[in-house]
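**Student:** whatever this is, show me its structure:
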Amino acid sequence: MVQLADIQRQAEQLSPEDREGLVAYLLHGLSGIPLGPDDLEVARREEEMDAGAVKPISHAEFLSQVGRANR
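**Tutor:** Next up, the predicted model:
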(Lines give C-alpha, C1' and ligand atoms only; values in the text may rest on other atoms or scores of the structure.)
Protein backbone atom coordinates (compact mmCIF):
# COMPACT_ATOMS: atom_id res chain seq x y z
CA MET A 1 0.00 0.00 0.00
CA VAL A 2 1.26 3.47 -0.90
CA GLN A 3 1.95 5.74 2.07
CA LEU A 4 0.86 9.37 2.13
CA ALA A 5 4.42 10.51 2.94
CA ASP A 6 5.64 8.79 -0.25
CA ILE A 7 3.01 10.55 -2.34
CA GLN A 8 3.89 13.90 -0.75
CA ARG A 9 7.59 13.43 -1.53
CA GLN A 10 6.77 12.54 -5.12
CA ALA A 11 4.41 15.53 -5.45
CA GLU A 12 7.21 17.85 -4.35
CA GLN A 13 9.22 16.67 -7.37
CA LEU A 14 6.51 17.69 -9.86
CA SER A 15 6.62 20.83 -11.95
CA PRO A 16 4.34 23.66 -10.79
CA GLU A 17 1.96 22.92 -13.67
CA ASP A 18 1.78 19.22 -12.79
CA ARG A 19 1.22 20.06 -9.11
CA GLU A 20 -1.68 22.33 -10.10
CA GLY A 21 -3.10 19.51 -12.20
CA LEU A 22 -2.79 17.11 -9.28
CA VAL A 23 -4.58 19.53 -6.97
CA ALA A 24 -7.39 19.99 -9.49
CA TYR A 25 -7.68 16.22 -9.87
CA LEU A 26 -7.84 15.67 -6.12
CA LEU A 27 -10.36 18.46 -5.53
CA HIS A 28 -12.58 17.16 -8.33
CA GLY A 29 -12.70 13.79 -6.56
CA LEU A 30 -14.01 15.26 -3.29
CA SER A 31 -17.71 15.61 -2.73
CA GLY A 32 -19.20 18.70 -1.18
CA ILE A 33 -16.33 20.98 -2.21
CA PRO A 34 -17.65 24.09 -3.93
CA LEU A 35 -15.92 24.62 -7.26
CA GLY A 36 -17.04 28.23 -7.54
CA PRO A 37 -19.84 30.57 -6.66
CA ASP A 38 -23.41 29.38 -7.08
CA ASP A 39 -26.05 31.30 -9.03
CA LEU A 40 -27.33 33.10 -5.93
CA GLU A 41 -23.84 34.36 -5.07
CA VAL A 42 -23.31 35.60 -8.62
CA ALA A 43 -26.67 37.39 -8.59
CA ARG A 44 -25.91 38.99 -5.22
CA ARG A 45 -22.55 40.27 -6.42
CA GLU A 46 -24.04 41.60 -9.66
CA GLU A 47 -26.64 43.50 -7.62
CA GLU A 48 -23.86 44.98 -5.46
CA MET A 49 -21.99 46.18 -8.57
CA ASP A 50 -25.15 47.56 -10.21
CA ALA A 51 -26.02 49.43 -7.01
CA GLY A 52 -22.51 50.88 -6.77
CA ALA A 53 -21.90 49.18 -3.42
CA VAL A 54 -18.65 47.69 -4.70
CA LYS A 55 -16.19 48.77 -7.36
CA PRO A 56 -15.30 46.13 -9.98
CA ILE A 57 -11.61 45.50 -10.65
CA SER A 58 -9.88 44.05 -13.68
CA HIS A 59 -8.54 40.52 -13.80
CA ALA A 60 -4.98 41.90 -13.76
CA GLU A 61 -5.77 43.95 -10.64
CA PHE A 62 -7.22 40.88 -8.95
CA LEU A 63 -4.14 38.79 -9.73
CA SER A 64 -1.91 41.56 -8.44
CA GLN A 65 -3.89 41.85 -5.19
CA VAL A 66 -3.70 38.13 -4.49
CA GLY A 67 -0.01 38.02 -5.29
CA ARG A 68 -0.27 36.06 -8.53
CA ALA A 69 0.69 38.68 -11.08
CA ASN A 70 2.65 37.63 -14.19
CA ARG A 71 1.52 34.00 -14.15
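
**Student:** hey, let's count contacts and neighbours off CA atoms from now on
**Tutor:** Fine.

**Student:** mind listing the helices for the protein?
**Tutor:** In the chain, the segments counted as helices under DSSP state H are 4-12, 16-28, 39-50, 59-65.

**Student:** same question for the shortest one, mean pLDDT?
**Tutor:** When you say that, I think you mean helix 59-65. For helix 59-65, mean pLDDT is 91.

**Student:** next one: the second one
**Tutor:** Per-residue pLDDT values over helix 16-28 give a mean of 92.

**Student:** now what about that helix, what contacts it?
**Tutor:** A11, E12, I33 (Cα atoms under 8 Å, 6 or more residues apart in numbering).

**Student:** against L22, how distant is E12?
**Tutor:** Per Cα to Cα, to the nearest Å, E12 is found 11 Å from L22.

**Student:** the more surrounded of the two?
**Tutor:** L22 (14 against 10; other Cα atoms under 10 Å).

**Student:** which residues are in contact with stretch 39-53?
**Tutor:** Outside stretch 39-53, the residues within contact range by Cα under 8 Å, 6+ apart are V54, K55, P56.

**Student:** which of those residues sits closest to A5?
**Tutor:** P56 (42.7 Å; Cα to Cα).

**Student:** with adjacent residues omitted, what lies nearest to that closest one?
**Tutor:** Nearest residue to P56, sequence neighbours excluded (Cα to Cα, 6 or more residues apart in numbering): M49, at 6.8 Å.

**Student:** count the neighbours of the one you found for me.
**Tutor:** Using other Cα under 10 Å, M49 has 13 neighbouring residues.

**Student:** please report how far it lies from V42.
**Tutor:** 11 Å.

**Student:** what of L14?
**Tutor:** From L14 to V42 the distance is 35 Å (Cα to Cα).
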